[in-house]
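Chemist: Turn this into a structure:
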Amino acid sequence: MSRVGRKPIPIPKGVKIEINGNEIQVAGTKGNLISKKPDSISVAVEGNEIILKRSSEEKRDKALHGLWRALVANMVHGVSEGYQKKLEIVGVGYKAEVKGKGIQLALGFSHPIFFVPPQGINVATPTPTSIMIQGIDKHLVGLVAAKIRSFRPPEPYKGKGVKYEGEYIRRKAGKTAASAGSK
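Modeler: Predicted coordinates:
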């Protein structure tokens, strides 16, 4: 049984929590996040901690208890410190550059790909072969990183494509030039 939901969430300095019915609003130095919780979960601020409780011992309520504890903890972390994901581009001629509010990717197609991130997400290219995605919403940062990666996922033969920083690509051996038995 998971005990994630019972663990209190510490509130860092500069973070304010407001609970209005089913709406939780978390405000910090980086921005504001709002989320609507289910009726079976109750949220209370006690001192410098947020405590979540469930209304019953049903399986669904236990699952929602742990889920919402993690979601609220992610909101608190996001508005105080923020989230970032890094992508690496591997391949000859593959590159990325910021143009206006979006990012232009050259990934071996006959045309460049122009991607405009949603509001609240910052995309930067420290080098032409790396992309940094930053924001306060963990879900949105991961979604944007997955979308950019989906334009050219890494292939298993040469490893060319867009991959997460530190991602291991399992390589396959290529075809042999000519086998000895076939003539």
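Chemist: Can I get the longest helix seen in the chain as CSV, trimmed to CA atoms?
Modeler: For the chain, the longest helix by residue count, based on DSSP state H, is helix 59-80. Taking Å, rounded to 0.1, in the frame of the first residue of the first chain, the C-alpha atoms of helix 59-80 are listed here in CSV:
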residue,chain,number,x,y,z
LYS,A,59,-9.5,1.8,-3.8
ARG,A,60,-10.2,4.8,-6.1
ASP,A,61,-10.0,7.3,-3.2
LYS,A,62,-6.7,5.8,-2.1
ALA,A,63,-5.3,6.1,-5.6
LEU,A,64,-6.5,9.7,-5.9
HIS,A,65,-5.0,10.5,-2.5
GLY,A,66,-1.5,9.7,-3.6
LEU,A,67,-2.0,11.2,-7.0
TRP,A,68,-3.2,14.6,-5.7
ARG,A,69,-0.5,14.7,-3.0
ALA,A,70,2.1,14.4,-5.8
LEU,A,71,0.3,16.9,-8.1
VAL,A,72,0.1,19.5,-5.3
ALA,A,73,3.8,18.9,-4.4
ASN,A,74,4.7,19.4,-8.1
MET,A,75,2.7,22.7,-8.1
VAL,A,76,4.5,24.0,-5.0
HIS,A,77,7.9,23.0,-6.5
GLY,A,78,7.1,24.5,-9.8
VAL,A,79,6.1,28.0,-8.5
SER,A,80,9.1,28.1,-6.2
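Chemist: Give me the domain ranges for this protein.
Modeler: Segmentation of the chain into domains, based on automatic domain parsing, reads 9-80, 83-164.
Chemist: from the chain's centre, how far out does the longest helix of the chain sit?
Modeler: Put simply, helix 59-80 sits 15 Å off its chain's centre (CA atoms, centre = their mean, to the nearest Å).
Chemist: what does stretch 117-127 give?
Modeler: Relative to its chain's centre, stretch 117-127 lies at 13 Å (CA atoms, centre = their mean).
Chemist: For it, list every residue counted as buried.
Modeler: Pro117, Ile121, Val123, Thr125 (16 or more other CB atoms under 10 Å). In short, each C-beta sits where N, CA and C put it, glycine included.
Chemist: Okay, the residue lying closest to Glu23 once chain neighbours are set aside and Gln25: tell me how far apart.
Modeler: Nearest in space to Glu23, with sequence neighbours left out and distances taken as CB to CB, 6 or more residues apart in numbering, is Lys36 at 5.5 Å. When distance is defined by CB to CB, to the nearest Å, Lys36 is 10 Å away from Gln25.
Chemist: what's the straight distance from one end of stretch 38-49 to the other?
Modeler: 20 Å (CA to CA, to the nearest Å).
Chemist: Repeat that for stretch 87-98.
Modeler: First-to-last distance for stretch 87-98 - CA to CA - comes to 14 Å.
Chemist: Which positions within it qualify as buried?
Modeler: For stretch 87-98, burial by neighbour count (16+ other CB under 10 Å) applies to Leu87, Glu88, Ile89, Val90, Gly91, Tyr94, Lys95, Ala96.
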